[in-house]
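> What follows is a predicted structure for the sequence shown.
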Amino acid sequence: MSEYPHVVTFQRLEKIPNGSGGYIQNYVDHITTEAFVCPVKAFEVYQSQQTKNPVDHSLFYPYQEGVLPDMRVHWHDREIILTLRSRPLDQGGQGEVLMVRCSI
C-alpha cells in the first residue's frame, strides 16, 4: 500500500469575471497532490467540538508551499469537500510531510 493512497486538490476562493463587468466567486483548483486522509479518534472529535472548531479528519501530504487556511480540499476518492480547520503543520520538523486538520 502506498504511503499516500488518496488524491486531493486544494482549492481557493477567487473572483471570476462574469462577462458583464462584474464578478462571481468560485473555488478554483490550486494544488493537486497525493495524500493520506484518515478519520481522527472519537476523543479528538469530542475535544474539537468543545472548542467550536469541529475536526473529523487529518490530511497528510508531501511537503509543499502554498496551502493556506482559507482553502478547501476536494477529496477525489470519495467526492467529498473538506474544510480546513488548521494551518499546515510540519510533521517531525523535517520538511517532508505536512498535516492539516479538516472537517466534512
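Yep, it's here. Numbering: from 1, shown residues only.

> Downstream of the lowest-mean-pLDDT helix or strand in the chain, the next helix or strand is which one?
Considering only helices and strands, the least confidently modelled element of the chain by mean pLDDT, DSSP states H and E is helix 42-50, at a mean of 53. Proceeding C-terminally, helix 42-50 gives way to strand 57-62 as the next helix or strand, assigned by DSSP states H and E.

> Would you mind listing the outside residues contacting that next one?
The list of residues contacting strand 57-62 from outside it, by Cβ atoms under 8 Å, 6 or more residues apart in numbering, reads 4, 8, 33-40, 73, 82, 91, 96-104. Bear in mind the C-beta positions are built from the backbone N, C-alpha and C, glycine included.

> for the protein, which spans come out with low pLDDT?
Within the chain, the stretches falling below the threshold (pLDDT under 70) are 1, 41-53.

> what about the strands in it?
Secondary structure of the chain, counting by DSSP state E: strands at 6-17, 23-39, 57-62, 72-75, 80-84, 89-90, 97-103.

> Save these as JSON lines, and put in mean neighbour count too.
Formatted as JSON lines, the strands of the chain follow (neighbours: other Cβ atoms under 10 Å):
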{"stretch": "strand 6-17", "mean neighbour count": "15"}
{"stretch": "strand 23-39", "mean neighbour count": "14"}
{"stretch": "strand 57-62", "mean neighbour count": "19"}
{"stretch": "strand 72-75", "mean neighbour count": "19"}
{"stretch": "strand 80-84", "mean neighbour count": "17"}
{"stretch": "strand 89-90", "mean neighbour count": "12"}
{"stretch": "strand 97-103", "mean neighbour count": "19"}
